[in-house]
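>>> Here is a sequence together with a model predicted from it:
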Amino acid sequence: MSIQNNLQAVKEQINQRALLVAVSKTKPNEDLMEAYNAGQRVFGENKVQELTGKYETLPKDIEWHMIGHLQSNKVKYIAPFVSLIHGVDSEKLLKTINKEGKKNNRKIPCLLQVHIAEEETKFGFSEEELSNMLSNERLSELEHVDIKGVMGMATFTNDEAQIRKEFKALKSIFDGLKSSIFSANDSFTEISMGMSGDYLIAIEEGSTMVRVGSSIFGARNYH
């Protein structure tokens, strides 16, 4: 199967119910261009160095999403151009993004990463941490951050019921925030959940954005 055919198959399954982020981490530019030429414009990377390198060499109408764990000291490299940062998992990171947004005279779109999995290895805010952080006045000082919604990763398991439960939990957290803290914020619309193994379940549970890599590009290249 070619990348173009894979992309087509995934898009048919999604059927415009969610935005497709093609996860291109570790993939060479030729692979990304094959997807690009087949109409894909949104790509996700998880390493800052790789992201900036691809941004510099690939077409400028690509929307770049930072989907991996982002360290505060690396924000400055992607601040000028990144279209969306998926994994904002600490208040410190949020403040750094705000500072770099100010330097670049732009509002940087972000998603708040919520810890929904039962695995301890996943990053993210607990629901309690989220409400503590968002309920204080400090949030209004973040003029250069545009909080677009939430992101979460389900437990890596074949148990569909558990995956579904975790996605439901994220949707419920999103709904709670949307009806309270972000009720006046029209741009708070996104729920980024679902990857190659579980994106159809995620869409059924309300995902607006899925991150799909191996189903499009084949297995990951490990360096």
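Nice, I can see it.
>>> Centre-most residue in this structure?
Centroid-nearest residue in the chain: H86, 3.2 Å away (criterion: CA atoms, centre = their mean).
>>> secondary structure class for that residue?
strand (DSSP: H, G, I helix; E, B strand; the rest coil).
>>> For it, give its distance to C110.
8 Å (CB to CB, to the nearest Å). Placement of C-beta: from N, CA and C, glycine included.
>>> just G218 next, same as before
30 Å.
>>> Pick out whichever of those two has more residues nearby.
C110 (27 against 13; other CB atoms under 10 Å).
>>> Tell me where the chain has strands.
19-23, 42-45, 63-66, 84-88, 108-113, 145-151, 190-195, 209-212 (DSSP state E).
>>> Please save the CA atoms from the lengthiest helix in the chain in CSV.
Longest helix of the chain, by residue count under DSSP state H: helix 160-179. Below are the C-alpha coordinates for helix 160-179, written out as CSV (Å, rounded to 0.1, in the frame of the first residue of the first chain):
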residue,chain,number,x,y,z
GLU,A,160,-11.9,-1.5,24.2
ALA,A,161,-14.2,-0.8,27.2
GLN,A,162,-11.4,0.8,29.1
ILE,A,163,-10.3,2.9,26.2
ARG,A,164,-13.9,4.1,25.7
LYS,A,165,-14.2,4.9,29.4
GLU,A,166,-11.1,7.0,29.3
PHE,A,167,-12.2,8.9,26.2
LYS,A,168,-15.6,9.5,27.8
ALA,A,169,-13.9,10.9,30.8
LEU,A,170,-12.0,13.4,28.6
LYS,A,171,-15.1,14.4,26.8
SER,A,172,-16.8,15.0,30.1
ILE,A,173,-13.9,17.2,31.4
PHE,A,174,-14.1,19.2,28.1
ASP,A,175,-17.8,19.7,28.5
GLY,A,176,-17.4,20.8,32.1
LEU,A,177,-14.7,23.4,31.1
LYS,A,178,-16.7,24.5,28.1
SER,A,179,-19.8,25.2,30.2
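>>> May I see the buried residues of that helix?
Buried residues in helix 160-179, counted by 16 or more other CB atoms under 10 Å: I163, R164, E166, F167, A169, L170, K171, I173, F174, L177, K178.
>>> R106 - how many residues pack around it?
Neighbour tally, R106, other CB under 10 Å: 15.
>>> And stretch 198-216, end to end?
One end of stretch 198-216 to the other measures 14 Å (CA to CA, to the nearest Å).
>>> can you pull the buried residues of that stretch?
Quick answer for stretch 198-216 (16+ other CB under 10 Å): 198-203, 205-213, 215-216.
>>> try stretch 147-158
Across stretch 147-158, burial judged by 16+ other CB under 10 Å covers I147, K148, G149, V150, M151, G152, M153, A154, T155.
>>> May I ask which of those comes out lowest in pLDDT?
Ranked by pLDDT, the buried residues of stretch 147-158 bottom out at T155 (90).
>>> so where's the chain uncertain?
121-122, 136-137, 220-223 (pLDDT under 70).
>>> Do a quick rundown of the helices in it.
Going by DSSP H, the chain shows helices at 3-14, 29-37, 48-57, 75-78, 91-103, 127-135, 160-179, 199-204, 214-217.
>>> nearest to H115, of these?
helix 127-135 (8.6 Å; CB to CB).
>>> Buried residues of the closest one, list them for me.
E127, E129, L130, S131, L134.
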